[in-house]
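Trainee: what shape does this take:
(one chain, ligands or ions: 2)
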Amino acid sequence: MVLKVLISDPLSEDGIYPLRQAEHIEVTVDTGLTPEELAEKIEAFDALLVRSQTQVTREIIEKAKNLKIVGRAGVGVDNIDLDAATEHGIIVVNAPDGNTNSAAEHTMAMIMSLARNIPQAYHALKNKKWDRKKYVGVELKNKTLGVVGLGRIGAEVAARAKGQRMNVVAYDPFLTEEKAEKMGIGYGTLEEVLAQADFITIHTPLLKETKHLINKEAFEKMKDGVQIVNCARGGIIDEDALYDAIVNKKVAGAGLDVFEQEPVTDHKLLELPEVIATPHLGASTVEAQESVAIDVSHDVVNFLSGGLAKNPVNLPSVAKEVMNKIEPYFYLAEKLGVFVSNLTQGVMEEVNIYYSGELTDFEVGPLTRNALKGLLKRHLGDHVNDVNAAFLADRKGIEVHEHKSSSAKGFTNLLTVEVKTNVGTRKVAGTLLNGLGARIVLVDTYSVDVLPEGHMVFIRHKDQPGAIGRVGTLLAREEINIATMQVGRSNAGGDAIMMLTIDKHLERRALDQLSQLSDIYGVTPIDL
Ligand SMILES: NC(=O)c1ccc[n+]([C@@H]2O[C@H](COP(=O)([O-])OP(=O)(O)OC[C@H]3O[C@@H](n4cnc5c(N)ncnc54)[C@H](O)[C@@H]3O)[C@@H](O)[C@H]2O)c1
Ligand SMILES: O=C(O)CC[C@@H](O)C(=O)O
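Mentor: Ligands and ions are numbered 1, 2, ... in the order given. As a prediction, this is how the structure comes out:
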């Protein structure tokens, strides 16, 4: 089957080579679509690749009936409605590393241009004014740079600023004294950093918490004559407050690569000579564009080929080494989920997933999501995937708990999925046998040893002579071949189970007849 990828913002042609090369992928490049045009087109596509221009809104996502993945060639995903994507089971991936250098270099270019009035002096000279007095600058050496947000780009800027012999102080909620020491920089609270800095540079994402982080009160805490740079996201600095701070001479200069509304050409800040600006060019280098397009294209190709994405945004990412270890359990987890969902009756209220043996050493979130996917698929259909499984469980009011225990009942690993409904509790456990693959080893309290695949029938009956024979005879009459059969009982003459694997799905007629046989309490067909 050919999968269709739409690229709706300009991406490096060299960078999208992995997509062009993939045999089962057809690429359409259509940049400059209006939101209405995109909404009309999107249904035909399996993947969408964007930069920062395309707004991937809830409306677009709701129209995107076939969309499986949105790739953001860059870092910031504030142009993508992540909640809507998650709800619809669409994975969002980005390219977090590819433009770090370019954004850091652009930030340094802004800081140096501000310090030496380069854009203003250039502009004057182009207008035939040779003015050496007006454009006297300041040195960076021994000045203090305050870095707000010490992630990938903030850290690269800090390293470069040290090369300029600046003192660097940073604020980041994750910055420890030890880390700051290792980097040879100072650290403090936001207020302390703002108060010490001669230059301030912002490198946080735009989040609810960082919207207008630099506001009127923040400007009041800064030194007089401070210069400020924003190459992160418009909206982190309150533009009205910045305007007032410049007009009131609190702020001597501002370098802006990003704005609250983009694109923008008419803006009161652009009227001020103290403001230098670029039209969101931080990541606009040949190298960065190629790099982010390659990263995101690889993720899209891998994901559409049934593999894993390296940089998921709406799923916790798991280190490659961990992923290699837990991936073999994905299949088992999903099959256990499907199995137990077939056994349960009533309204699902609580799911407990027990990890035992060597599984306790792993990050088990991805396994839980696979188990939930299997569990929910029965009622919610195939649109449940590991992106939206946890969200959908939560929306259905199902409590999900993970438990880790070292006792694995003799197995090296054991995964148990237990479901509580308003009418009872059912559970199933499985293991991964070295060299032999996945096995179901426990259903409720009965030990079994069954491959989790194909068509099965789970029968509860009274432990009586003839019960097994009657089931065999009936299935033979219905021309249903039994591939394997296992039996178990609580005690002689008490409750017992049969687990059959059969060569085809158990049709309604056979199911009804089986259920009516004497000593049979319940018959559950399960297709894994
Ligand atoms: N101008 C451009 O073209 C361009 C290019 C690339 C990235 N960006 C933007 O740059 C920003 C940083 O990117 P990155 O790759 O370094 O991201 P990152 O995730 O590596 O770093 C962000 C850092 O901000 C910190 N942070 C979060 N909330 C904070 C707060 N309230 N106060 C202080 N720190 C806070 C985080 O802890 C993290 O360390 C993002 O907004 C990204 O979208 C812009
Ligand atoms: O696509 C761009 O050029 C901007 C990218 C940048 O803002 C980012 O967040 O990665």
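Trainee: and the end-to-end length of stretch 487-498?
Mentor: End-to-end distance for stretch 487-498: 5 Å, by Cα to Cα, to the nearest Å.
Trainee: what's the answer for stretch 314-328, then?
Mentor: End-to-end distance (Cα to Cα), stretch 314-328: 22 Å.
Trainee: who's in contact with it?
Mentor: 82, 85-86, 91-92, 308-311, 362-367, 369, 386-387, 432 (Cβ atoms under 8 Å, 6 or more residues apart in numbering). Yep, even glycine has a C-beta here, placed from its N, CA and C like the rest.
Trainee: got it, and stretch 498-517?
Mentor: Applying Cβ under 8 Å, 6+ apart, the contact partners of stretch 498-517 are 443, 448, 450-451, 454-459, 461, 467-468, 470-471, 474-475, 478, 480-488, 520, 522-523, 525, 527.
Trainee: got a ChimeraX select line for the buried ones in the residues you listed?
Mentor: Buried members of the contacts of stretch 498-517, defined by 16 or more other Cβ atoms under 10 Å, are picked up in ChimeraX with:
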select :443,448,450,451,454,455,456,457,458,459,461,467,468,470,471,474,475,478,480,485,486,487,488,520,523,525
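Trainee: and the closest residue to ligand 1 within the stretch 151-300 of the chain, how far is that from residue 389?
Mentor: Closest to ligand 1 within the stretch 151-300 of the chain is residue 151: 1.7 Å, counting by Cβ to the nearest ligand atom. Going from residue 151 to residue 389 by Cβ to Cβ, to the nearest Å gives 29 Å.
Trainee: which one of those two is surrounded by more residues?
Mentor: Per other Cβ atoms under 10 Å, whichever of residue 151 and residue 389 has more neighbours is residue 389, with 25 against 18.
Trainee: circling back: with adjacent residues omitted, what lies nearest to the residue of the stretch 151-300 of the chain closest to ligand 1?
Mentor: Closest residue to residue 151 apart from its sequence neighbours, by Cβ to Cβ, 6 or more residues apart in numbering: residue 203 at 6.2 Å.
Trainee: whatever residue of the stretch 151-300 of the chain ends up closest to ligand 2: how many residues sit nearby?
Mentor: The nearest approach of the stretch 151-300 of the chain to ligand 2 comes at residue 283, 3.9 Å away (Cβ to the nearest ligand atom). Using other Cβ under 10 Å, the number of residues around residue 283 comes to 27.
Trainee: I'd say it and residue 290 touch.
Mentor: No. If you go by Cβ atoms under 8 Å, residue 283 and residue 290 don't touch, sitting 11.2 Å apart.
Trainee: what residues does the stretch 151-300 of the chain have near ligand 2?
Mentor: Counting by Cβ under 6 Å from any ligand atom, the stretch 151-300 of the chain comes close to ligand 2 at 280, 282, 283, 284.
Trainee: ok, residue 165 - contacts?
Mentor: By Cβ under 8 Å, 6+ apart, the neighbours of residue 165 are 140, 141, 142.
Trainee: pull out the buried residues from the residues you listed.
Mentor: Among the contacts of residue 165, the ones that count as buried by 16+ other Cβ under 10 Å are residue 140.
Trainee: return the subset of the contacts of residue 165 lying in strands.
Mentor: Among the contacts of residue 165, none falls in strands (DSSP state E).
Trainee: between the contacts of residue 165, which is closest to residue 425?
Mentor: residue 140 (66.8 Å; Cβ to Cβ).
Trainee: next one: that closest one from residue 166, what distance?
Mentor: Counting by Cβ to Cβ - residue 140 and residue 166 are separated by 5 Å.
Trainee: pull up the overlap in contacts between those two.
Mentor: Common contact partners of residue 140 and residue 166 (Cβ under 8 Å, 6+ apart): residue 199.
Trainee: ok, for residue 343, nearest residue in space, not its chain neighbours?
Mentor: Take residue 343 and drop its neighbours on the chain: the residue closest to it by Cβ to Cβ, 6+ apart is residue 426, 4.4 Å away.
Trainee: next one: residue 8
Mentor: For residue 8, ignoring the flanking residues on the chain, the nearest one in space by Cβ to Cβ, 6+ apart is residue 54 at 4.5 Å.
Trainee: quick check: that neighbour touching residue 9?
Mentor: Yes. Residue 54 lies in contact with residue 9 (Cβ under 8 Å); the separation is 5.3 Å.
Trainee: settle it for me: which of the two has more neighbours?
Mentor: Using other Cβ under 10 Å, the more surrounded residue of residue 54 and residue 9 is residue 54, with 23 against 20.
Trainee: contacting residues for the more buried one?
Mentor: For residue 54, the contacting residues are 8, 9, 33, 38, 48, 79, by Cβ under 8 Å, 6+ apart.
Trainee: show the pLDDT at the last one.
Mentor: It refers to residue 79. According to the prediction, residue 79 has pLDDT 94.
Trainee: check the one 4 residues further on too.
Mentor: pLDDT for residue 83: 89.
Trainee: against residue 189, how distant is it?
Mentor: 31 Å.
Trainee: higher neighbour count, those two?
Mentor: Neighbour totals were compared for residue 83 and residue 189, and residue 83 leads with 12 against 9 (other Cβ under 10 Å).
Trainee: so which helix or strand takes in the more buried one?
Mentor: Under the criterion of DSSP states H and E, residue 83 resides in helix 82-87.
Trainee: what does the next helix or strand after that helix contact?
Mentor: Using DSSP H and E, the next helix or strand after helix 82-87 towards the C-terminus is strand 91-94. Contacts with strand 91-94, where a contact means Cβ under 8 Å, 6+ apart, come from 68-75, 77, 80, 82, 85, 296, 299-300, 303, 309-315, 387.
Trainee: from those residues, which ones fall inside strands?
Mentor: 69, 70, 71, 72.
Trainee: right, and the last one touches residue 80 too?
Mentor: Yes. With contact defined as Cβ under 8 Å, residue 72 counts as touching residue 80 (6.4 Å).
Trainee: so for the two, which residues contact both of them?
Mentor: 50, 92, 313.
Trainee: and of those, the nearest to ligand 1?
Mentor: Using Cβ to the nearest ligand atom, residue 313 comes nearest to ligand 1 of these, at 10.9 Å.
Trainee: need the contact list for the closest one.
Mentor: Residue 313 neighbours (Cβ under 8 Å, 6+ apart): 72, 77, 80, 82, 92, 93, 94.
Trainee: let's go with 6 Å and repeat that
Mentor: Residue 313 sits next to 77, 92, 94 when contact means Cβ atoms under 6 Å, 6 or more residues apart in numbering.
Trainee: over to residue 377?
Mentor: Counting by Cβ under 6 Å, 6+ apart, residue 377 makes contact with residue 384.
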